[in-house]
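Novice: After the sequence you'll find the predicted model.
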Amino acid sequence: MKRSSEEWQKLLSEDVYYVCREKGTEAPFTGALLHNKETGEYCCACCQAALFHSQSKFESGCGWPAFSEPANKQAVRYETDHSHGMHRIEVLCNQCDAHLGHVFQDGPAPTGQRYCINSAAMQFRGEK
Ligand SMILES: [Zn+2]
């Protein structure tokens, strides 16, 4: 799903637009999904694609929702991010290119990965 910036701006709230389309970062410890412990799927706030499952969510203490792996290998894609003088791996929605957050190699076993994802970039869909 490809849309222009103008289209996204009309569709998304200001917070979501800032994070997903302008690669912004919400303030730590403010996100609505940070302490969500319900079972379900975390979907893209822009295109509703399933991104992460609650099974892989863990408390990282970093201030943003953290996951050890994506819902499936096709859910996200990666880009090297050299902004802010750092070398990081950016995580994007594979379907609509929304900026989600970054992935770090200091997560728990067995994946060893920590997907540090903005709450604003996701919508939680609980399992009934
Ligand atoms: Zn998306």
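Specialist: Now that the structure is in, tell me what you want to look at. Values in this document were obtained by computation on a predicted structure and should not be read as measured data.

Novice: make it CA atoms for all contacts and neighbour counts henceforth
Specialist: OK.

Novice: so where's the protein shaky on pLDDT?
Specialist: Low-confidence segments of the chain (pLDDT under 70): 1.

Novice: rerun at 80
Specialist: 1, 128 (pLDDT under 80).

Novice: Please, where are all the helices along it?
Specialist: With DSSP state H as the criterion, the chain has helices at 5-11, 14-21.

Novice: Pull up the residues of the chain that are close to the ion.
Specialist: Residues of the chain lying close to the ion by Cα under 5 Å from the ion are 44, 46-47, 93, 96.

Novice: So what's the residue count around Asn94?
Specialist: 18 (other Cα atoms under 10 Å).

Novice: need the contact list for the closest residue to it other than its chain neighbours.
Specialist: In space, and not counting its chain neighbours, Asn94 is closest to Val76: 4.5 Å by Cα to Cα, 6 or more residues apart in numbering. Neighbour list for Val76: 51, 70, 91-95 [criterion: Cα atoms under 8 Å, 6 or more residues apart in numbering].

Novice: just to revisit the earlier point, from the helices of the chain, which stretch is densest packed?
Specialist: Across those, the average number of neighbours (mean count of other Cα atoms under 10 Å) peaks for helix 14-21, which reaches a mean of 20.

Novice: Now do that helix: everything it contacts.
Specialist: 5, 8-9, 24-26, 45-46, 98-100, 118, 120-121.

Novice: Need the CA coordinates for it. CSV is fine.
Specialist: Output in CSV follows, covering the C-alpha atoms of helix 14-21 (Å, rounded to 0.1, in the frame of the first residue of the first chain):
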residue,chain,number,x,y,z
GLU,A,14,-0.6,13.8,14.2
ASP,A,15,1.3,11.5,16.6
VAL,A,16,1.1,8.5,14.2
TYR,A,17,2.0,10.6,11.2
TYR,A,18,5.1,12.0,13.0
VAL,A,19,6.4,8.6,14.1
CYS,A,20,5.5,6.5,11.0
ARG,A,21,5.9,8.9,8.1
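
Novice: related to what we said a few turns ago, mind putting the residues of the chain next to the ion into JSON lines with distance to Trp64 and neighbour count?
Specialist: As requested, the residues of the chain next to the ion are exported to JSON lines (distance: Cα to Cα, whole Å; neighbours: other Cα atoms under 10 Å):
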{"residue": "Cys44", "distance to Trp64": "16", "neighbour count": "27"}
{"residue": "Cys46", "distance to Trp64": "19", "neighbour count": "24"}
{"residue": "Cys47", "distance to Trp64": "21", "neighbour count": "16"}
{"residue": "Cys93", "distance to Trp64": "17", "neighbour count": "26"}
{"residue": "Cys96", "distance to Trp64": "22", "neighbour count": "18"}
